[in-house]
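In: Task: produce atomic coordinates for the following.
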Amino acid sequence: MRMTRRENLNLLGSAMVTTSLAGASTALANDQAGAKTIEVQLLNAHPEDRGERMVFYPDIVRANPGDTIRFVPTERGHNVAADAEMIPDGVEPWRSGMNEEFEITLDVEGAYGVYCTPHKTAGMVGLIIVGDNPPNFEQARQVRQRGRAKNRYEDIFARAEELIAGQSTG
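Out: Prediction:
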């Protein structure tokens, strides 16, 4: 059976309306719950040209329980993984595929250390803080790191401590 151009357009229009309504109801549900989606880019170089290479941008994320973090590998060769030693008790670690956008909704308060698998020792690490007073913050801070990840995490945790205390991270 062959469809006319008008029939194709009508069918396409109906599909778009249905999709839009479904998206609107999902967005409404998220708004009602107060949840938000926070985007983190995976980059080869810091966008503010601070001489930093292999970065999560931003490298510190502040979230509320129920928020979703979307990791976007803006440049190829990256993924995101949760450091099993740097997440709250009872939370399962996760790991995305290479070059794949990845979303995770975090319901448990705490500090979550993340890294790019091939670039962790190059310092491609980040921290997600869920809630106002992450119970595992000091435990996550004490996890032994290697390579550039060690210095980068020292800086990240110092800025995160200020953020938790209500100060600007500059």
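
In: Show the end-to-end separation of stretch 85-98, please.
Out: In terms of C-alpha to C-alpha, to the nearest Å, the two terminal residues of stretch 85-98 are separated by 22 Å.

In: Which strands or helices does the top strand by length along the chain pack on?
Out: Taking DSSP state E as the criterion, the chain has its longest strand at strand 37-45. Here strand 37-45 touches strand 53-57, strand 60-63, strand 67-72, going by 3 or more C-beta pairs under 8 Å, 6 or more residues apart in numbering; DSSP states H and E. C-betas here are computed from N, CA, C, even on glycine.

In: mind exporting the shortest one as CSV, just the C-alpha atoms?
Out: Right, strand 60-63. Only the C-alpha atoms of strand 60-63 are listed here, as CSV (Å, rounded to 0.1, in the frame of the first residue of the first chain):
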residue,chain,number,x,y,z
ILE,A,60,32.5,18.7,41.1
VAL,A,61,28.7,18.3,40.9
ARG,A,62,26.3,19.2,43.7
ALA,A,63,23.0,17.2,43.5
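
In: Might one say that Glu52 is in contact with Ala45?
Out: Yes: contact status for Glu52 versus Ala45: in contact at 7.0 Å, counting by C-beta atoms under 8 Å.

In: how deep is the closest residue to Pro118 other than its chain neighbours tucked in, by neighbour count?
Out: Of all residues not flanking Pro118 in the chain, Gly77 sits nearest, at 6.8 Å (C-beta to C-beta, 6 or more residues apart in numbering). Gly77: 13 surrounding residues under other C-beta atoms under 10 Å.

In: May I ask which helix or strand encompasses Gly77?
Out: Secondary structure assignment for Gly77, by DSSP states H and E: no helix or strand.

In: which ones are touching it?
Out: Counting by C-beta atoms under 8 Å, 6 or more residues apart in numbering, Gly77 touches Asn44, Met98, Asn99, Pro118, His119.

In: how much space is there between the spatially most central residue of the chain and Arg50?
Out: Residue closest to the average C-alpha location in the chain (C-alpha atoms, centre = their mean): Ile69, at 3.7 Å. If you measure Ile69 against Arg50 using C-beta to C-beta, to the nearest Å, the figure is 23 Å.

In: same question, Lys120
Out: 20 Å.

In: who's more crowded, the two?
Out: Each of Lys120 and Arg50 has its neighbours counted (other C-beta under 10 Å); Lys120 has more, 20 against 9.

In: Please look at that one and Gly147 and confirm they touch.
Out: Yes: at 7.4 Å, Lys120 counts as touching Gly147 under the criterion of C-beta under 8 Å.

In: Sticking with Phe157, tell me its helix or strand.
Out: Counting by DSSP H and E, Phe157 is found in helix 148-164.
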